[in-house]
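Student: I'd like to go over a predicted model; first the sequence, then the structure.
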Amino acid sequence: MANDKNGKRGFASMDKEKQREIASKGGKVAHEKGTAHEFSSEEAREAGRKGGKASR
């Protein structure tokens with residue numbers, strides 16, 4: 001696949017709306033199949049703590 005003016009290829013070269021559309025379809029299919037991960041409240045809290053520590 002050819003590079004665009006920013007040197008991006010494939011998915012990264014698509015406009016943001018097209019990326020969002022494709023990602024949304026993937027998420028919906030994963031939930032229908034039962035293979036999508038759903039965070040528990042505790043997992044979400046822990047992820048937030050890790051993110052806060054990493055940005056400091």
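Tutor: Great, that's in hand.
Student: where does pLDDT dip in this protein?
Tutor: With pLDDT under 70 as the threshold, the chain has low-confidence stretches at 1-6, 54-56.
Student: name the residues of stretch 7-20 that are buried.
Tutor: Using 16 or more other Cβ atoms under 10 Å as the test for burial, stretch 7-20 gives residue 13. (C-beta placed from N, C-alpha, C; glycine too.)
Student: how close does residue 40 get to residue 11?
Tutor: Residue 40 sits 30 Å away from residue 11, going by Cβ to Cβ, to the nearest Å.
Student: again, but for residue 29
Tutor: Distance from residue 29 to residue 11, by Cβ to Cβ: 17 Å.
Student: just the residues contacting the host helix or strand of residue 50, thanks.
Tutor: Element membership of residue 50, judged by DSSP states H and E, is helix 41-54. For helix 41-54, contacts defined as Cβ atoms under 8 Å, 6 or more residues apart in numbering pick out residue 39.
Student: that one: how far from the chain's middle?
Tutor: Helix 41-54 sits 17 Å away from the centroid of its parent chain (Cα atoms, centre = their mean, to the nearest Å).
Student: would you put the C-alpha positions of it in CSV?
Tutor: The C-alpha coordinates for helix 41-54 follow below in CSV (Å, rounded to 0.1, in the frame of the first residue of the first chain):
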residue,chain,number,x,y,z
SER,A,41,-15.4,-1.7,38.3
GLU,A,42,-12.2,-2.8,40.0
GLU,A,43,-10.3,-3.5,36.8
ALA,A,44,-11.3,0.0,35.5
ARG,A,45,-10.1,1.6,38.7
GLU,A,46,-6.8,-0.2,38.5
ALA,A,47,-6.3,0.8,34.9
GLY,A,48,-7.1,4.4,35.8
ARG,A,49,-4.5,4.3,38.6
LYS,A,50,-1.8,2.9,36.2
GLY,A,51,-2.6,5.5,33.6
GLY,A,52,-2.3,8.3,36.2
LYS,A,53,1.0,7.0,37.4
ALA,A,54,2.4,6.6,33.9
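Student: appreciated, that's everything.
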